[in-house]
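J.: Need a 3D model of the sequence below.
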Amino acid sequence: MKTIKNLFLIAIVSVVTLAFTYNYQNPWVVPAKYEKMTNPTDPDDKENKAIGKTLYVKQCAPCHGKEGLGDGSKAPELKGDLGDFSSEEFQKQSDGALFYKSYEGRDDMPNFRKKIPNEEDMWLVINYVRTLGE
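T.: Below is the predicted model:
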């Protein structure tokens with residue numbers, strides 16, 4: 001009887017541990033092709049900055065928040081970690097990785113191929129997101 005209780009306890013602890021570590025075991029793998037991509041747009045161009053910010057506010061801020069803190073109006077409805085775009089960890093990602101994640105999406109993060117069909121515009125959003133880490 002004691003053995004059954006111990007096995008049951010081990011099973012419960014295992015399930016809880018798996019639940020808490022799921023996101024760490026399921027990393028968002030970015031294909032090498034995208035990791036190596038470079039942003040073809042000029043991040044310092046004033047018109048580019050304005051377009052990137054406008055697109056971010058319209059398409060990204062409802063979930064990620066105005067300042068990229070993951071506190072947008074839709075955030076409470078979502079399950080995943082929305083990230084903190086101002087964090088050093090987030091900003092360490094390559095532009096290509098951010099492009100891939102934004103364009104492909106995963107789980108609660110939709111892909112933006114249809115909402116932002118012009119790839120250059122997506123790069124402008126990435127330029128804007130980079131300013132959130134300053």
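J.: Other residues contacting the helix or strand Cys63 falls within?
T.: Using DSSP states H and E, Cys63 falls within helix 61-64. Here helix 61-64 makes contact (CB atoms under 8 Å, 6 or more residues apart in numbering) with 70, 72-75, 78, 82-83, 85, 108. Heads up, the C-betas are built off the backbone N, CA and C, glycines and all.
J.: and it, how far out from the chain's middle?
T.: For helix 61-64, the separation from the chain centroid amounts to 11 Å (computed by CA atoms, centre = their mean, to the nearest Å).
J.: Can you list the buried residues in it?
T.: 61, 63-64 (16 or more other CB atoms under 10 Å).
J.: still on that earlier bit, who wins for neighbours among the contacts of helix 61-64?
T.: Using other CB atoms under 10 Å as the neighbour test, these are led by Phe85, with 22 neighbours.
J.: Quick check: closest non-adjacent residue to that one.
T.: Gly68 (2.9 Å; CB to CB, 6 or more residues apart in numbering).
J.: List the contacts of that neighbour.
T.: The contact partners of Gly68, taken as CB under 8 Å, 6+ apart, are 60, 83-86, 129, 132.
J.: Is it located within a strand, as I assumed?
T.: No: Gly68: not assigned to a strand; according to DSSP: H, G, I helix; E, B strand; the rest coil it is coil.
J.: CA atoms only: put stretch 63-75 into PDB for me.
T.: Output of stretch 63-75 as PDB, limited to C-alpha atoms (Å, rounded to 0.1, in the frame of the first residue of the first chain):
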ATOM      1  CA  CYS A  63      -1.500  42.000 -27.600                       C
ATOM      2  CA  HIS A  64       2.000  43.200 -26.800                       C
ATOM      3  CA  GLY A  65       1.200  46.600 -25.500                       C
ATOM      4  CA  LYS A  66       2.100  50.100 -26.600                       C
ATOM      5  CA  GLU A  67       5.600  49.700 -25.100                       C
ATOM      6  CA  GLY A  68       6.000  46.000 -25.900                       C
ATOM      7  CA  LEU A  69       5.700  44.900 -22.300                       C
ATOM      8  CA  GLY A  70       3.100  42.200 -23.100                       C
ATOM      9  CA  ASP A  71       0.300  44.200 -21.500                       C
ATOM     10  CA  GLY A  72      -1.900  45.000 -24.400                       C
ATOM     11  CA  SER A  73      -5.700  45.000 -24.100                       C
ATOM     12  CA  LYS A  74      -6.000  41.500 -25.600                       C
ATOM     13  CA  ALA A  75      -3.200  40.000 -23.400                       C
END
